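**Student:** The following comprises the amino acid sequence and a computationally predicted model.
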Amino acid sequence: MDFMTVIGLVGALALLVWAILLGAPLSLFYDMPSVVMVGGGTAFVTMMSYRPSDIKALAKIGLRAILFKLPTPQQEIERIIVYANLARKEGLLALEAKLQEVDDKFFAKGIQLVIDGFSADTVRDIMDLEHSFQQQRHAQGKKMMETIATFAPAFGMIGTLVGLVQMLANMSDPSSIGAGMAVALLTTFYGAVIANVIALPLAAKLDLRAKEEALLRNLMVEGIVAIQSGEKPQLIKEKLKGFLPPSAREGVAA
Amino acid sequence: MDFMTVIGLVGALALLVWAILLGAPLSLFYDMPSVVMVGGGTAFVTMMSYRPSDIKALAKIGLRAILFKLPTPQQEIERIIVYANLARKEGLLALEAKLQEVDDKFFAKGIQLVIDGFSADTVRDIMDLEHSFQQQRHAQGKKMMETIATFAPAFGMIGTLVGLVQMLANMSDPSSIGAGMAVALLTTFYGAVIANVIALPLAAKLDLRAKEEALLRNLMVEGIVAIQSGEKPQLIKEKLKGFLPPSAREGVAA
Amino acid sequence: MDFMTVIGLVGALALLVWAILLGAPLSLFYDMPSVVMVGGGTAFVTMMSYRPSDIKALAKIGLRAILFKLPTPQQEIERIIVYANLARKEGLLALEAKLQEVDDKFFAKGIQLVIDGFSADTVRDIMDLEHSFQQQRHAQGKKMMETIATFAPAFGMIGTLVGLVQMLANMSDPSSIGAGMAVALLTTFYGAVIANVIALPLAAKLDLRAKEEALLRNLMVEGIVAIQSGEKPQLIKEKLKGFLPPSAREGVAA
Amino acid sequence: MDFMTVIGLVGALALLVWAILLGAPLSLFYDMPSVVMVGGGTAFVTMMSYRPSDIKALAKIGLRAILFKLPTPQQEIERIIVYANLARKEGLLALEAKLQEVDDKFFAKGIQLVIDGFSADTVRDIMDLEHSFQQQRHAQGKKMMETIATFAPAFGMIGTLVGLVQMLANMSDPSSIGAGMAVALLTTFYGAVIANVIALPLAAKLDLRAKEEALLRNLMVEGIVAIQSGEKPQLIKEKLKGFLPPSAREGVAA
Amino acid sequence: MDFMTVIGLVGALALLVWAILLGAPLSLFYDMPSVVMVGGGTAFVTMMSYRPSDIKALAKIGLRAILFKLPTPQQEIERIIVYANLARKEGLLALEAKLQEVDDKFFAKGIQLVIDGFSADTVRDIMDLEHSFQQQRHAQGKKMMETIATFAPAFGMIGTLVGLVQMLANMSDPSSIGAGMAVALLTTFYGAVIANVIALPLAAKLDLRAKEEALLRNLMVEGIVAIQSGEKPQLIKEKLKGFLPPSAREGVAA
């Protein structure tokens, strides 16, 4: 699980609740119609802007980015070395049994292609294509989060305008002005929270995740092609370490 | 029909109406001069910014993007395979009869070029050129929607300024201040709704549609060129599947 | 004349006047010092940002873009065909007499170069260079309009701040507050109108005009080079039609 | 001197003073702490953002851009022709005496390199490098002006917030509210004036100046290399005219 | 130490304190919940947007950029010349002893590679790779500062909305409205200060620092490769001076 995202989200929301409770009951900040207005409005126009498949993919990719941690490049290098050792000692076919344990479909597919005897170039082409589709999904997810970060404050403003017009048109009772205005501002508040506490941080995290995954995928492709060509595990390790920043290289067990 | 766009639009507008009705009659939010001001002003300056032909094209392309659904790449691949089978069994000329049924002008033109005996390169060049004009139209449509999303809130603000100045210059009757201000805010409200509920989502949808169409067109060109060169239908199918993301490949009937 | 620009501008301004007259005399929205402030301020800082020659060029190019319509590509193709026919029947020198009738200096210069016997490459180089200077002027014009669209609202805000400070510092007579505030808002109003009704639409139009002219110029260069090489008029026409979108090709007389 | 910049700046400031004096004494708009706040704050954070050398360079380059006019390309061409004539008649060494009169260090350095007998390629390389450093300085100057245009309004807003909080916390005397608010707004006013009347126009002017200088420098390099290779002055002139837009070419004396 | 950054920061903050003290006690501008809200909220969402390793790296790189000054390119050239002289007189191995004194790991690594006898191309490749990781860290640091500059004002606005809603919902005591509003504005004030006095200037400084370091690193790589190839120190110096702007070249001792 990506604890940073969860801790950050929970922390920011807890902070908000705490700040609210300092001065008033929480119920003052809950107005069902305002929630429906901002949440629903943002959902509807995001729906207009994308396709059902995009939205399904976002849910899936977004959850995965938050719930599951990627292996570190160091772990990945070590896994590749294990496979390289096996392949050199017992031949490429021996990898097949070991494939059962692999969760990562991308890695499994690459090793399978090697077992099936495809050429290095073909392996590389197929895996790069696969990778580019994953990257597109991440980019689309990031764009969708940014769309939400645009529309939520817009609907917040629209809701506040609705509230203001209603309040202004009906000022016979001056004592109710404050309360009316307070409710009108809630939609702006919701819009700002959705954009800044949820959508924008998740967009940034998806972007980072895409870059991390790209690094891992490139490392895997190089590693798998090297396994196929029967290079020495020690040499493969040195090569793959080039993908890491200098400070991280020592983390790879010699 | 692209139901997502229609449902999203209708849903967002219904939400707005519901939010308004919670607190006041709908008539409070309808002010004919304000509608004319924002709608007309946006229309006039959009007219200044483009040419009549651009505006006609937008109407056409915008409607098509909303009303008609594109075939999925899977369906398109299957259609191409049907033509490829026919061509291999009964020759290229046999395609001519089948062309009557085809709605898609782009596909029909490509097949016609093949029947007429043009070389693969010529077919590819002509169809790529045709395709680039379509893409330009989509890009222009998207830009025009973004222009509207800029000008509508601007006219909303101009309208509110007009209302404010009129209200402020005439404050002898304090009881009318609220009502005057309420009307003044309506143009800002209209501008925000036009931009965020109509123009921006449609701009995003046109962009997505252009990308979907580009994928389909590229797939068609590859398929038609493959038909011409008499490749085996099974091989053509494998080739065209490369255009699909992995998860979608299984949707293509073997 | 580019009627769209003129109709759009007149229409948008008429709309504004109408909206104003609905609630107050027009004089309420006219305050000479505010006009001088926003118009003069914008003019002075635009002067600071550019050179006298840029400003002269903008006036010339802006007026031409609004007052004169470009020939359509179809008309241009037909003119080239007339010249191509003449050249094939009576030789290149026969073009000289016909050049008298030509308004378009760019076209005239190209034909003259052909008559003077320059090589195709030289003709192309000279005309492309000429064309690039025209494009630069258009781009500069567009940028200057965008500069105005930035500075006019800024001076509007500065003017409103001046008015607000004066009003706030002198609130002994509460009844004059509204009027003072109304006048203070006028500069913001002027700034928004200059930016959104004049500068931004003209910037968009100049951009479009530049693209239209680029298409025409490229078409001319191809046509003139083809005339020089003595190609058949029918062939030249087919070639030049490639510059048009499919839907416009039928407009060219066979 | 670049009169446009000076006239524009003086004009815009005079306009402001005039607009202020129409309604109140100038002293109403002068508040020493507010001036220190916006001016000093902007200066401090700009200092944080850059290095002392950048700031010194900006002062130098900014002043030069305003105080000294560049020669026109026409004048530059004529100067090069004079040198070309001299070199052809009396040899390259005769240029040395004439170099005493040259103010422009860039030109002088180029001619010196020619006299010293360096090859055309070396002359070109050295001068292009020199030129790229000048362009970097201009780009840095422009960026610094844009930084100021960002920070000045930000400090204006911070100052206004400080004033508002102080005023709101102390509303026992209602009659002083207006005056407090007026003072609070002054920092926003100063920030907007610094950004829009000084920083942004100067950024635009520096950008234009950089482009003008780039044109002149390229023209000089071509001219000096041509002098070295002993080309005919008439030919050099024709070549260099290619750097000018068509309308400016007639300004060069035949 | 980078005094400019420290002086700028201290100066800007001192100015703020001074401006505040002119009108009220400092305590008026200190509200613990508001500080926690803006500071904590920004920290939490920045945490969501990045990874723990990024944040650790930023702290390290940010501090280094402020606390330690880079050597000037002139000093760096002189150091390289010392090494070049030594290498020519006593051979490459003599450099090893001198390496003890070197603080700069990058320089030390390069010299070590030369001593170890790697080829010029290998040295260059390894050092360029090392350098690209450093640049990435700087770019990431800059981006993180810009993220903070986005989120701090957003949380300021959210905090102000919370305060406004609480104040508006409870207006029974008119005399407390001013004070409530004053407190509500504090979060906006904090957000603006964090963004404009801390985050944006540091982002600019990190960017500049990255460029300075890139120049130094490129200079070092060229110098080290030249040492390896045994070029004359005088020649190396002339070559490396090409990295400096003309005005700085005289600063290098002949």
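**Tutor:** Great, that's in hand. Numbers count the residues shown, from 1 in each chain, chains lettered A, B, ... in the order given.

**Student:** could you pull out the helices for the stretch 101-250 of chain A?
**Tutor:** In the stretch 101-250 of chain A, the helices defined using DSSP state H, counting those that start in this stretch lie at A:105-115, A:120-168, A:177-193, A:200-228, A:233-241, A:246-249.

**Student:** A:A65: what's it in contact with?
**Tutor:** A:2, A:5, A:141, A:202, A:205-206, A:209 (C-beta atoms under 8 Å, 6 or more residues apart in numbering or on different chains). Quick note: C-beta positions are derived from backbone N, CA and C, even for glycine.

**Student:** For A:S49, state which of those residues is nearest.
**Tutor:** Checking these against A:S49 by C-beta to C-beta gives A:G141 as the nearest, at 13.6 Å.

**Student:** circling back: among the contacts of A:A65, the buried ones, what's the PyMOL command?
**Tutor:** The PyMOL command for the buried members of these (criterion: 16 or more other C-beta atoms under 10 Å in any protein chain shown) is given here:
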select buried, chain A and resi 2+5+141+202+205+206+209
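
**Student:** Quick check: chain neighbours aside, which residue is closest to A:L202?
**Tutor:** Leaving aside its sequence neighbours, A:L202 sits nearest to A:M145 (C-beta to C-beta, 6 or more residues apart in numbering or on different chains; 5.1 Å).

**Student:** And for the one you found, the neighbour number?
**Tutor:** Using other C-beta atoms under 10 Å in any protein chain shown, A:M145 has 23 neighbouring residues.

**Student:** related to what we said a few turns ago, can you tell me which of the contacts of A:A65 lies nearest to D:F189?
**Tutor:** Of those, the one sitting nearest to D:F189 (C-beta to C-beta) turns out to be A:L202, at 39.4 Å.

**Student:** I'd assumed A:I61 was in contact with the closest one.
**Tutor:** No - contact criterion C-beta atoms under 8 Å: A:L202 and A:I61 do not qualify, at 10.7 Å.

**Student:** hey, least reliable of the helices of the stretch 101-250 of chain A by pLDDT?
**Tutor:** Lowest mean pLDDT of these: helix A:246-249, a mean of 75.

**Student:** Please identify the most buried of the helices of the stretch 101-250 of chain A.
**Tutor:** Each of the helices of the stretch 101-250 of chain A was scored by mean neighbour count; the highest is helix A:177-193, a mean of 23, by mean count of other C-beta atoms under 10 Å in any protein chain shown.

**Student:** Against which helices or strands is that helix packed?
**Tutor:** helix A:32-35, helix A:120-168, helix E:120-168 (3 or more C-beta pairs under 8 Å, 6 or more residues apart in numbering or on different chains; DSSP states H and E).

**Student:** Those into a markdown table, with extra columns for distance to D:P153?
**Tutor:** A markdown table is the format used below for these (distance: least, C-beta to C-beta, whole Å):
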| stretch | distance to D:P153 |
| --- | --- |
| helix A:32-35 | 32 |
| helix A:120-168 | 21 |
| helix E:120-168 | 13 |
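
**Student:** And the residue of the stretch 151-254 of chain A closest to chain C?
**Tutor:** Here the stretch 151-254 of chain A gets closest to chain C at one residue, A:L168, 15.9 Å apart by C-beta to the nearest C-beta.

**Student:** I figured that residue hits B:L185, correct?
**Tutor:** Yes - taking contacts as C-beta under 8 Å, A:L168 lies within contact range of B:L185: 7.3 Å.

**Student:** any common contacting residues for the two?
**Tutor:** In contact with both A:L168 and B:L185: no residue, using C-beta under 8 Å, 6+ apart.

**Student:** Please list the residues of the stretch 101-250 of chain A that sit near chain B.
**Tutor:** A:129-130, A:133, A:136-137, A:147, A:150-151, A:154-155, A:157-159, A:161-171 (C-beta under 8 Å from any C-beta of the partner chain).

**Student:** Look up how far B:M171 lies from the residue of chain A positioned farthest from its centre.
**Tutor:** The C-alpha centroid of chain A is most remote from A:S172, which lies 50.6 Å away (C-alpha atoms, centre = their mean). Counting by C-beta to C-beta, to the nearest Å, the gap from A:S172 to B:M171 is 18 Å.

**Student:** circling back: per-residue pLDDT, the residue farthest from the centre of chain A?
**Tutor:** Here the pLDDT value assigned to A:S172 is 73.

**Student:** Over to A:M1?
**Tutor:** The per-residue pLDDT of A:M1 was computed as 58.

**Student:** Check A:G11 too.
**Tutor:** For A:G11, pLDDT reads 94.

**Student:** what about it, neighbour count?
**Tutor:** Around A:G11 there are 18 other residues, counting by other C-beta under 10 Å.

**Student:** How about A:M48?
**Tutor:** So A:M48, with other C-beta under 10 Å, has 26 neighbours.

**Student:** Check the spacing between it and chain E real quick.
**Tutor:** According to C-beta to the nearest C-beta, to the nearest Å, A:M48 and chain E sit 25 Å apart.

**Student:** In contact with the nearest residue to A:A94 once chain neighbours are set aside, which residues?
**Tutor:** Computed as C-beta to C-beta, 6+ apart, the closest residue to A:A94 that is not its neighbour in sequence is A:L86, at 5.5 Å. Contact analysis of A:L86 by C-beta under 8 Å, 6+ apart lists A:94-95, A:98.

**Student:** picking that back up, what's the distance between the residue farthest from the centre of chain A and E:L164?
**Tutor:** Distance from A:S172 to E:L164, by C-beta to C-beta: 23 Å.

**Student:** go on, A:E146?
**Tutor:** A:E146 is 27 Å from E:L164, by C-beta to C-beta.

**Student:** cool, A:K56 as well?
**Tutor:** Using C-beta to C-beta, A:K56 is found at 39 Å from E:L164.

**Student:** Pick out the residue in the stretch 101-250 of chain A sitting closest to chain D.
**Tutor:** For the stretch 101-250 of chain A, C-beta to the nearest C-beta, closest residue to chain D: A:G178, 16.0 Å.

**Student:** who's in contact with A:G23?
**Tutor:** E:162-163, E:166 are the contacts of A:G23 under C-beta under 8 Å, 6+ apart.

**Student:** Look at it and give its secondary structure.
**Tutor:** With DSSP: H, G, I helix; E, B strand; the rest coil as the basis, A:G23 sits in coil.

**Student:** And it, its phi and psi?
**Tutor:** With angles defined as degrees, to the nearest 10, A:G23 sits at phi -120, psi -10.

**Student:** OK, contacts around A:L70?
**Tutor:** A:209, A:212-213, A:216.

**Student:** Name the SS class of it, please.
**Tutor:** coil.

**Student:** From A:K211, how far off is it?
**Tutor:** 11 Å.

**Student:** cool, A:P245 as well?
**Tutor:** In terms of C-beta to C-beta, A:P245 sits 13 Å off from A:K211.

**Student:** Okay, the residue most central in space within chain A and chain E: tell me how far apart.
**Tutor:** Chain A has A:L206 as the residue nearest its centroid, 3.3 Å off, counting by C-alpha atoms, centre = their mean. As judged by C-beta to the nearest C-beta, A:L206 and chain E stand 10 Å apart.

**Student:** residues touching that residue, list them.
**Tutor:** Per C-beta under 8 Å, 6+ apart, neighbours of A:L206: A:61-62, A:65, A:138, A:141-142, A:145.

**Student:** A:D54: what's its closest spatial neighbour, skipping adjacent residues?
**Tutor:** Leaving aside its sequence neighbours, A:D54 is closest to A:Q140 (5.9 Å, by C-beta to C-beta, 6+ apart).
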